[in-house]
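>>> Have a look; sequence and predicted model below, questions after that.
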Amino acid sequence: MIIYQSTKTQFLEHAWGDDIEAVVSRHFHSATGRNVGASEIRSWKNSLIEMAKVLRDEEIPADAGVAIEYQLPQTSKRIDFVITGEDAAARSKVIIVELKQWSASRRSDKDAVVWARRGGRSGETEGTHPSYQAWSYAAYLQDFNVAVQDGEMSVQPCAYLHNHPRDGEIDHLHYKEHLARAPLFLAQERAKLQAFIREHVRHGDSKGALYAIENGRIRPSKMLIDSVAGLLQGKPEFVLIDDQKVVHETIMQVDARAAQSKQVVIVQGGPGTGKSVIAINLLGALLARKRNARYVSKNAAPRAVYEARLAGTLTKTRISNLFSGSGAFVNDAADTYDTLIVDEAHRLNEKSGLYRNLGDNQVKELIRSARCTVFFVDDDQRVTLLDIGHTEELRHWALELGAEVTELQLSSQFRCNGSDGYLAWLDDTLAIRPTANPVLETDSYDFRVFDNPADLHALIALKNQANNRSRVVAGYCWKWPSKKNPEAWDIELSAFDYRRRWNLDKDGSLWIVTPGSVAQVGCIHTCQGLELDYVGVIIGPDLVYRNGAIVTDATKRASSDQSVRGLKKMMKADAESARALADIIVKNTYRTLMTRGMKGCYVYCTDAPLADYLRSRLGSRAAVHAIESLGASVQTAPTAVSNVHPLRRVSNEERFAGVSAAPVVDLRFAAGAFSDVQVLEDGAQDWVALPDWIRPQPGLFVAQVLGESMNRRIPNGAWCLFRGNPGGTRQGKVVVVQHRSISDPETGGSFTVKLYASEKVSSEDGSWRHERITLRPDSDQLGFEPIVVQLGDGEESFAVVAEMLTVLEAANEMTTGSGHSLSGEEL
């Protein structure tokens, strides 16, 4: 997603003619539905004016592309400033500019890390060097964007600190490697930056590099389980970004001090912050230093998956020496190991052994056994009564054993499509903690609520066909009869003819990667610490919604579930504390399950009020989702998805009484009337109610879009909301275009609904005109080609007659106020 994009000429007009920070702020709100804080607006004002001064260079092409605040795919990170164009050899070039307002900084002895004041009241903090930051963003973009990866364009990062003098700190030789990869431009060096831009961008962005960056195909996410072998062999499988890099370098430095004194590092981070990525990176880096290091986890599933991926690259003995369960250190002498890297430390138990009768305390034993112990922990992923590895327990034993404690924090989000808002919304929605995110917009993360578990499972199975990275999981509210009788069903919801078995016993901890296991349902123990592309979650009767509040009941768990074993005994001793702990366990379980998906989470609730409650907390963009066609290969037919807004016909009496409504238009016959709102409305035979999140405005209308050429965005037959005669830039938007040369078989006439991209030609007087318009399909089906319209001087028959705002209803029906269905033909 790009918050703001334009040509250099348009950017300069906004910078000098308008308040550029206000322009970008409006774009940000339009794109995300959120406002930005005063500090970020001030930052835009100061830095973007400086970039306007840089681009006020006549040798930098007027039609070079400019993008501000480009969000990296599947992260919460944004690139400050992007310039696109072509070099002297007509190759597409992308310049990434990391902007900082710092006036001073201080060198750190860690690699790629620098001390600086980064806003707020915290004073100096450590963070990545701006050159490393720019390079890491460029490397990440290259990893994910196919157009960049395939060599269609090259990316050149740099950093511009327009207030920072050249003082031998920020530009110290310690950072030589990073300065070479991403040049650093400081105060009084505007001319150098201009020369750098001119070197790489000699011509405008005629090939649409900016368009390709935003709309180009994104490569599937790198999964840690597929990269573990490379990481342990020292290959740079993952680029560590921002706080990930700081944490990694800090731990390496602390580990070096462990020869003199015992060290404990506690790294706190929520789901998707990269805890496991850093843990495996550390293991590889420490092995390269000839350290006696091990990866430790209480949960067997991550270890089993990593070990399976290492088969054939290392000997079985070597693999077993690298990975350990948390109960393997009961009898080890002090400082047996150089470093123990403990992942998912919140899952540590007090006792070890099959009968939990061995040892004293796993936290104590781990710290005792190593010179340096690194704990990666998320206190909100404690999911059984036996889990004791919360932060306070780690601190207690570190101090008890005389260790020096270093505490670090990971906050950057690399799961859930980088949506920090989703995690905050989930915490607020599940009543784990109050946040400022009561409503979830699902444009950045695919969250849906289903009324039928069979539909949910069918869609997950369809998603899984792409790369075996989608699974269904559930709360442990159903017994496991199939463990003894393979023909028995475990999870049965007879009202939907839904019957499934728990993850197959023969797959054990490898369930999440075993081909074919998508047919089963996983539990918390086989997915915690691991990630998927899409996760389907069946919420059982242990989580319900009653009297305006989330209510948990751990007694609804299956008797075979070990996570709440001992609860009755605790209730007798201290009922209030026991209930509070059980409440945390249930909520944390579903929070953990609902954050396994990198791209999406689909939910079915056995409690209907809970499903309604979840839907009530979905914002305007959540109404656009429609279930994909499941195809003939999937036996379970989908029913209507419940979070699609039903369209309702509005009578003339209701309209005159003030009900917000939009006219229903047939695109085939009305294209010529879009420029005249009155004609559009007078010709309407039917009107439908607007959802309450849409502000009424002139030119809105509803129309049905038929065909598969845009099915990634618009399901075939969907009813969509349009705005006629749109103003402003159309680049990258879905539009209705009319032209005499168009003959679109899906629409049956000289108009089409497609993604818009234009190429412009500048005149000597500084003006420009469209030369070529490309109308691109966005479909998962083959055979749809872009429509290219060549425009010459005096061309007047081409018109963008409307802009699509959102999909309103995916079904082919609309309902009257009485509930009577009216088909599309009747409309």
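That came through fine. Numbering: from 1, shown residues only.
>>> Pop the domain breakdown of this protein in here.
Using automatic domain parsing, the domains assigned to the chain come out as 2-215, 224-410, 448-624, 652-823.
>>> can I get the ones you listed in TSV with mean pLDDT and distance to Pro438?
All C-beta spots, glycine's among them, are computed from the backbone N, C-alpha and C. TSV is the format used below for the domains of the chain (pLDDT from 0 to 100; distance: least, C-beta to C-beta, whole Å):
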stretch	mean pLDDT	distance to Pro438
domain 2-215	86	13
domain 224-410	87	19
domain 448-624	87	6
domain 652-823	71	14
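>>> Now distance to Leu440 and mean neighbour count too, for the ones you listed, in CSV please.
Output for these, formatted as CSV (distance: least, C-beta to C-beta, whole Å; neighbours: other C-beta atoms under 10 Å):
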stretch, distance to Leu440, mean neighbour count
domain 2-215, 10, 19
domain 224-410, 16, 19
domain 448-624, 6, 19
domain 652-823, 13, 16
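>>> wait, doesn't Gly619 sit right on Asn437?
No. Applying C-beta atoms under 8 Å as the test, Gly619 and Asn437 come out as separate, 10.3 Å apart.
>>> what helix or strand does the nearest residue to Gly359 once chain neighbours are set aside sit in?
Spatial nearest neighbour of Gly359, excluding adjacent residues (C-beta to C-beta, 6 or more residues apart in numbering): Val330 at 3.9 Å. Val330 is located outside every helix and strand, with elements delineated by DSSP states H and E.
>>> Distance of Val330 relative to Thr806?
Distance of Val330 to Thr806, computed by C-beta to C-beta, to the nearest Å: 59 Å.
>>> Doesn't Ala134 lie inside a strand?
No. Looking at Ala134 with DSSP: H, G, I helix; E, B strand; the rest coil, it is helix, so not inside a strand.
>>> quick one: it and Glu98 touch, right?
Yes. Here Ala134 reaches Glu98: they are 3.9 Å apart, a contact under C-beta under 8 Å.
>>> Adding distance to Leu423, write the domains of the chain out as JSON lines.
Converted to JSON lines, the domains of the chain look like this (distance: least, C-beta to C-beta, whole Å):
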{"stretch": "domain 2-215", "distance to Leu423": "10"}
{"stretch": "domain 224-410", "distance to Leu423": "6"}
{"stretch": "domain 448-624", "distance to Leu423": "7"}
{"stretch": "domain 652-823", "distance to Leu423": "23"}
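>>> overlap in contacts of Ala134 and Glu98?
Common neighbours of Ala134 and Glu98, counting by C-beta atoms under 8 Å, 6 or more residues apart in numbering, are 157-159, 182.
>>> and those, which of them are in strands?
157-159 (DSSP state E).
>>> And the residues you listed, which is closest to Leu12?
Cys158 (19.9 Å; C-beta to C-beta).
>>> Ser131 versus the spatially closest residue to the closest one that is not a sequence neighbour, what's the distance?
Of all residues not flanking Cys158 in the chain, Pro183 sits nearest, at 4.8 Å (C-beta to C-beta, 6+ apart). Pro183 sits 7 Å away from Ser131, taking C-beta to C-beta as the criterion.
>>> Now for those two: what residues contact both?
158-159.
>>> follow-up on the earlier one: among the ones in strands among the shared contacts of Ala134 and Glu98, which one sits closest to Ser108?
Ala159 (16.2 Å).
>>> Tell me the predicted confidence for Arg649.
pLDDT, Arg649: 84.
>>> I'd guessed it sits against Gln685; true?
No. Arg649 lies out of contact with Gln685 (C-beta under 8 Å); the separation is 10.5 Å.
>>> Helices of the stretch 101-250 of the chain, start to end?
130-144, 146-149, 176-181, 190-200, 209-215, 224-232, 243-257 (DSSP state H, counting those that start in this stretch).
>>> and those as JSON lines, adding distance to Val603?
Formatted as JSON lines, the helices of the stretch 101-250 of the chain follow (distance: least, C-beta to C-beta, whole Å):
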{"stretch": "helix 130-144", "distance to Val603": "27"}
{"stretch": "helix 146-149", "distance to Val603": "31"}
{"stretch": "helix 176-181", "distance to Val603": "43"}
{"stretch": "helix 190-200", "distance to Val603": "47"}
{"stretch": "helix 209-215", "distance to Val603": "29"}
{"stretch": "helix 224-232", "distance to Val603": "24"}
{"stretch": "helix 243-257", "distance to Val603": "29"}
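>>> between the ones you listed, which one is nearest to Thr606?
That would be helix 224-232 among these, by C-beta to C-beta, at 30.8 Å.
>>> still on that earlier bit, give me the distance between the residue nearest to Gly359 and Gly274.
31 Å.
>>> Trp719 now?
In terms of C-beta to C-beta, Trp719 sits 41 Å off from Gly274.
>>> and the spatially closest residue to His162 that is not a sequence neighbour, what is it in contact with?
Nearest non-adjacent residue to His162, counting by C-beta to C-beta, 6+ apart: Glu50, 4.3 Å away. By C-beta under 8 Å, 6+ apart, the contact set of Glu50 is 99, 160, 162, 190.
>>> Just the C-alphas of the host helix or strand of the first one, formatted as CSV.
Yep, that's Leu99 we're talking about. Here Leu99 sits within strand 92-100, counting by DSSP H and E. Taking Å, rounded to 0.1, in the frame of the first residue of the first chain, the C-alpha atoms of strand 92-100 are listed here in CSV:
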residue,chain,number,x,y,z
SER,A,92,13.6,0.8,-14.4
LYS,A,93,15.0,2.3,-11.2
VAL,A,94,13.6,2.6,-7.7
ILE,A,95,15.3,4.9,-5.2
ILE,A,96,14.4,4.3,-1.5
VAL,A,97,15.1,7.3,0.7
GLU,A,98,15.1,6.9,4.5
LEU,A,99,14.4,10.3,6.0
LYS,A,100,15.5,11.4,9.5
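>>> Can you tell me the strand partners of that strand and which way each runs?
strand 78-86 (antiparallel), strand 153-161 (parallel) (DSSP bridges).
>>> could these go into TSV alongside distance to Asp143?
TSV is the format used below for the strands paired with strand 92-100 (distance: least, C-beta to C-beta, whole Å):
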stretch	distance to Asp143
strand 78-86	14
strand 153-161	11
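>>> who wins for proximity to Gly389 among the ones you listed?
strand 78-86 (33.8 Å).
>>> Helix 190-200 and that closest one, what's the angle between them?
Angle between the axes of strand 78-86 and helix 190-200 is 50 degrees (criterion: axes from the mean of the first three to the mean of the last three C-alpha atoms, to 10 degrees).
>>> Centre of the chain to strand 78-86, how far?
21 Å (C-alpha atoms, centre = their mean, to the nearest Å).
>>> now swap in stretch 193-206 and tell me
That offset, for stretch 193-206, works out to 32 Å (C-alpha atoms, centre = their mean).
>>> neighbouring contacts of it?
Looking at what lies outside stretch 193-206 - C-beta under 8 Å, 6+ apart - the contacts are 7, 54-55, 57, 59-65, 83-88, 90, 92-93, 95, 156, 158, 160, 183, 185, 759-760, 762.
>>> The same query, at a cut-off of 6 Å, please.
Stretch 193-206 is contacted by residues 54, 57, 59-61, 63-65, 84-88, 93, 95, 156, 160, 185, 759 when judged by C-beta atoms under 6 Å, 6 or more residues apart in numbering.
>>> do the same with stretch 333-343
Under C-beta under 6 Å, 6+ apart, the answer for stretch 333-343 is 255, 276, 279, 282-283, 286, 291-297, 366, 368-376.
>>> In contact with the residue nearest to Gly359, which residues?
352, 358-359.
>>> For these, please prepare TSV with the additional fields distance to Thr75 and secondary structure.
Shown next, in TSV, are those (distance: C-beta to C-beta, whole Å; DSSP: H, G, I helix; E, B strand; the rest coil):
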residue	distance to Thr75	secondary structure
Ser352	38	strand
Leu358	42	strand
Gly359	40	coil
